[in-house]
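Peer 1: how would this look folded up:
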Amino acid sequence: MNLIESLSTTAQAIIVVLVFSGLTVAGLYFVRSKVSPEQLKLDHDVAGFTFSVVGAFYGVILAFVIVAVWQRFERANEKAEDESLALTNLYDLSAGFDQPQRGQLQDALHAYASRVIDHEFKQMAEYNYRLSSQEENLLWQLLLKYAPASPQQQTILDKSLDQMSALSDARRLRYVYYSEDLPSVIWIVIYVGCVITLGFSYFFSTHLFRSQAIMSATFAALIGLTILAISELATPYQGAVVVSDEGFRFLVDSMDSDHAKAAARALAPPAAQSSP
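Peer 2: Prediction:
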């Protein structure tokens with residue numbers, strides 16, 4: 001795992017601000033040591049117009065990319081929620097099945113959700129996830145071999161199959177969003193554009209070097225933080241900002257609670273079980 005991705009969002013932001021600002025000020029210092037402010041002021045009119053065009057063009061690119069990756073992150077989060085919701089609906093529908101199919105289906109659902117939480121999300125965060133269909137196939141087998149004994153059970157089975165289809169679709173899309181990143185050409189445009197835009201700021205000069213250094217450092221920090229946001233949102237399952245697995249955790253907690261209540265009722269004395 002990349003070292004910076006293991007840090008908190010605040011730590012990443014501080015590092016990015018220090019690196020971008022430090023390198024920009026160092027470059028400005030180097031240019032000012034080679035070119036006098038008087039020479040730079042002679043070209044302020046042309047440089048100012050060119051810098052406005054370059055800055056506006058680069059700003060549009062960053063805005064377009066950050067909106068695109070934000071929408072992609074939202075879709076990835078939505079599909080994870082759809083997967084956990086379909087799993088929850090299957091658990092609720094399993095109450096209409098006869099034993100032993102009911103218990104087998106609920107155990108399979110618990111195993112599926114537990115694997116997602118304990119293994120798959122962690123593997124996706126570490127870039128070593130491989131799509132496995134073992135738990136999914138078991139759910140399909142349990143549903144397809146179930147023989148309903150009444151029209152009501154047939155309706156429950158049909159709805160369960162619909163939820164299972166939704167679960168399978170959402171699971172595959174989760175893998176798609178995990179395995180895809182921004183195209184390399186986009187990153188090239190972002191970083192080359194960053195160098196060009198910050199480089200153009202060296203064509204200006206102020207009376208005090210400190211003033212220009214502060215302005216350039218602030219400009220560089222803003223660009224760096226924007227690139228950091230793009231990098232975080234472009235990888236929905238890695239980094240400090242990731243898709244939540246809260247839906248799966250809520251389902252597992254509900255299953256464990258139901259199991260504990262059922263076990264308590266089974267161990268309770270007959271008089272206690274019959275009492276209101």
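Peer 1: now His110, nearest residue through space, not along the chain?
Peer 2: Nearest non-adjacent residue to His110, counting by C-beta to C-beta, 6 or more residues apart in numbering: Met255, 5.0 Å away. For the C-beta atoms, the positions are set from N, CA and C on the backbone; glycine is no exception.
Peer 1: Give me the neighbour count for the one you found.
Peer 2: Residues near Met255, counting by other C-beta atoms under 10 Å, number 18.
Peer 1: cool, Val60 as well?
Peer 2: 10.
Peer 1: what's the spacing between it and Val54?
Peer 2: Distance check for Val60 against Val54: by C-beta to C-beta, to the nearest Å, it reads 11 Å.
Peer 1: Next: Ala262.
Peer 2: 67 Å.
Peer 1: what about the two, which has more around it?
Peer 2: Comparing Ala262 with Val54 by other C-beta under 10 Å, the one with more neighbours is Val54, at 16 against 10.
Peer 1: Next up, the contacts around that one.
Peer 2: If a contact means C-beta atoms under 8 Å, 6 or more residues apart in numbering, then Val54 has 196-197, 200 as its contacts.
Peer 1: how about JSON lines for the residues you listed, with pLDDT, secondary structure and neighbour count added?
Peer 2: Output for the contacts of Val54, formatted as JSON lines (pLDDT from 0 to 100; DSSP: H, G, I helix; E, B strand; the rest coil; neighbours: other C-beta atoms under 10 Å):
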{"residue": "Ile196", "pLDDT": "89", "secondary structure": "helix", "neighbour count": "13"}
{"residue": "Thr197", "pLDDT": "89", "secondary structure": "helix", "neighbour count": "20"}
{"residue": "Phe200", "pLDDT": "81", "secondary structure": "helix", "neighbour count": "18"}
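Peer 1: mind checking which helix or strand Val252 is in?
Peer 2: Using DSSP states H and E, Val252 sits within helix 246-267.
Peer 1: Mind listing what's buried along that helix?
Peer 2: Residues 247-248, 251-252, 255 are the ones in helix 246-267 that count as buried (16 or more other C-beta atoms under 10 Å).
Peer 1: Also stretch 165-178?
Peer 2: Applying 16+ other C-beta under 10 Å to stretch 165-178 flags 166-168, 170-171, 173-175, 177-178 as buried.
Peer 1: now stretch 103-118
Peer 2: Within stretch 103-118, judged by 16+ other C-beta under 10 Å, the buried ones are 104-110, 112-114, 116-117.
Peer 1: Can you give the contact residues for that stretch?
Peer 2: With contact meaning C-beta under 8 Å, 6+ apart, stretch 103-118 is reached by 83-84, 87, 90-91, 94, 97, 135-136, 138-139, 142-143, 245, 248-249, 251-252, 255.
Peer 1: Return the distance of that stretch from the chain's centre.
Peer 2: Taking C-alpha atoms, centre = their mean, to the nearest Å, one finds stretch 103-118 lying 23 Å from the centre of the chain it belongs to.
Peer 1: Can I get that stretch in CSV, CA atoms only?
Peer 2: Output in CSV follows, covering the C-alpha atoms of stretch 103-118 (Å, rounded to 0.1, in the frame of the first residue of the first chain):
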residue,chain,number,x,y,z
GLY,A,103,-31.6,-21.8,8.4
GLN,A,104,-29.3,-22.7,5.5
LEU,A,105,-30.1,-19.6,3.7
GLN,A,106,-29.6,-17.4,6.7
ASP,A,107,-26.3,-19.0,7.5
ALA,A,108,-25.2,-18.4,3.9
LEU,A,109,-26.3,-14.8,4.1
HIS,A,110,-24.4,-14.3,7.3
ALA,A,111,-21.3,-15.9,5.8
TYR,A,112,-21.6,-13.6,2.7
ALA,A,113,-21.8,-10.4,4.7
SER,A,114,-19.1,-11.4,7.1
ARG,A,115,-16.7,-12.2,4.2
VAL,A,116,-17.4,-8.8,2.6
ILE,A,117,-16.6,-7.0,5.9
ASP,A,118,-13.6,-9.1,7.1
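Peer 1: Would you map the helices across the stretch 1-150 of the chain?
Peer 2: Using DSSP state H, counting those that start in this stretch, the helices of the stretch 1-150 of the chain run over 9-34, 37-41, 44-93, 101-115, 121-125, 134-144.
Peer 1: Can you give me the distance of Thr235 to Val192?
Peer 2: 21 Å.
Peer 1: between those two, who's got more neighbours?
Peer 2: Thr235 (23 against 11).
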